[in-house]
Each structure stands twice: as C-alpha cells, then as structure tokens.
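Asks: Fold the following and give me the result.
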Amino acid sequence: MISGDPRIKIPGSESAARMADYARLFDALHIVVLSHAHILRAWREARALRGQYDLISAQGADETGLLAYVLARMSGIPFHLQLHTDVMSPWYRRASWKERMRYILALFLISRAACLRVVSERIKRSRDTEGSPASI
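Replies: Residues are numbered from 1 along each chain as shown. Next up is the predicted model:
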C-alpha cells in the first residue's frame, strides 16, 4: 500500500491501529509512506519490496496513486485505488492549481485502476456521474 499518512508509522496511533486491522486480512501487508520531501525514498522502499506483493493499493488519486500505478505497471500486477476525497467535485478542482492537476491525474488513474474503493456514497455518486469505466 502506498500512503500519504505518516501517522501509519507511529505505534499506537489510530492510523497504525487501522492498518494493523487491515493486515490481519492478508498474508502480508507492506506499507510505504510517501511524503513530498521523500518521494525518492518511498520509490526505493517500494522497489525493494518487489516480488513480495501481488497487488498495489494507493490511498488517493494523487501522488500516492501515481507512484502505485507506475510500480504496478512495472511489476505487471493489478493497481487498486482508494478514493477518500471527492476529486470529481467541481469545487475540488477549482480550489487551486494543485487540485486542478490532481483532478486531471485522478481522471488518468481512475480509468486505469483494476478496482476502486470509495469511502462514501457521495464520492461514489460523484464518480458515477463522470462515467469512469473502473468498477467499485
């Protein structure tokens, strides 16, 4: 899993506890935390795990999603995308130039995901109105 949440690595945090619960569902769960200051470090960490995973999941249709997509393509394995933010909202893409770029990136990533996970009905409805071919 590629995540942008640094709290995942803090023992006892709510994020770490949630990931521990997820890990119980799998034989192994490897999490790479992507921070803007350490993109190269995250890339190296994920590449070092190559061959130890059969699915790559990203916690967003943003930089984490792009890294996960590239790694999945290079490894020939499925790419799973989680949508925690309504990136299809017109208000989201009007917020700033960064959100506009992330909206365009989301259009690219959503259409290439083997599977999507949305965290709310509102995000699902928003995604459905854009007509993306990826399944939920």
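Asks: okay, and the helix or strand of this structure with the least pLDDT?
Replies: helix 121-130 (a mean of 74; mean pLDDT, DSSP states H and E).
Asks: now it, how far from the centre of its chain.
Replies: 17 Å (Cα atoms, centre = their mean, to the nearest Å).
Asks: So which bits of that helix are buried?
Replies: 123, 126, 127 (16 or more other Cβ atoms under 10 Å). In short, each C-beta sits where N, CA and C put it, glycine included.
Asks: what do you get for stretch 71-91?
Replies: 71-72, 75, 79-88.
Asks: Can you list phi and psi of the residue nearest the centre of the chain for me?
Replies: With distances taken as Cα atoms, centre = their mean, the residue of the chain nearest its centroid is residue 58 (2.0 Å). Residue 58 adopts backbone torsions of phi -120, psi 140, taken as degrees, to the nearest 10.
Asks: distance of residue 1 from residue 111?
Replies: 21 Å (Cβ to Cβ, to the nearest Å).
Asks: which of the two has more neighbours?
Replies: More neighbours surround residue 1 than the other of residue 1 and residue 111, with 22 against 12 (other Cβ atoms under 10 Å).
Asks: gap between residue 71 and residue 63?
Replies: The value you get for residue 71 to residue 63, if Cβ to Cβ is used, is 13 Å.
Asks: sorry, back to before: with the buried residues of helix 121-130 in mind, which one is nearest to residue 15?
Replies: Closest approach between those and residue 15, by Cβ to Cβ: residue 123, at 19.8 Å.
Asks: what stretches of this structure score poorly on pLDDT?
Replies: Where the chain drops to pLDDT under 70, the residues are 36-37, 128-136.
Asks: The chain: strands as residue ranges?
Replies: Ranges of strands in the chain, per DSSP state E, are 2-3, 32-33, 56-58, 79-83, 115-118.
Asks: re earlier: pull the contacting residues for the residue nearest to the centre of the chain.
Replies: 1-3, 64-65, 67-69, 79-82, 109 (Cβ atoms under 8 Å, 6 or more residues apart in numbering).
Asks: ok, back up a step: possible to save the strands of the chain as JSON lines with distance to residue 19?
Replies: Converted to JSON lines, those look like this (distance: least, Cβ to Cβ, whole Å):
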{"stretch": "strand 2-3", "distance to residue 19": "8"}
{"stretch": "strand 32-33", "distance to residue 19": "10"}
{"stretch": "strand 56-58", "distance to residue 19": "12"}
{"stretch": "strand 79-83", "distance to residue 19": "13"}
{"stretch": "strand 115-118", "distance to residue 19": "15"}
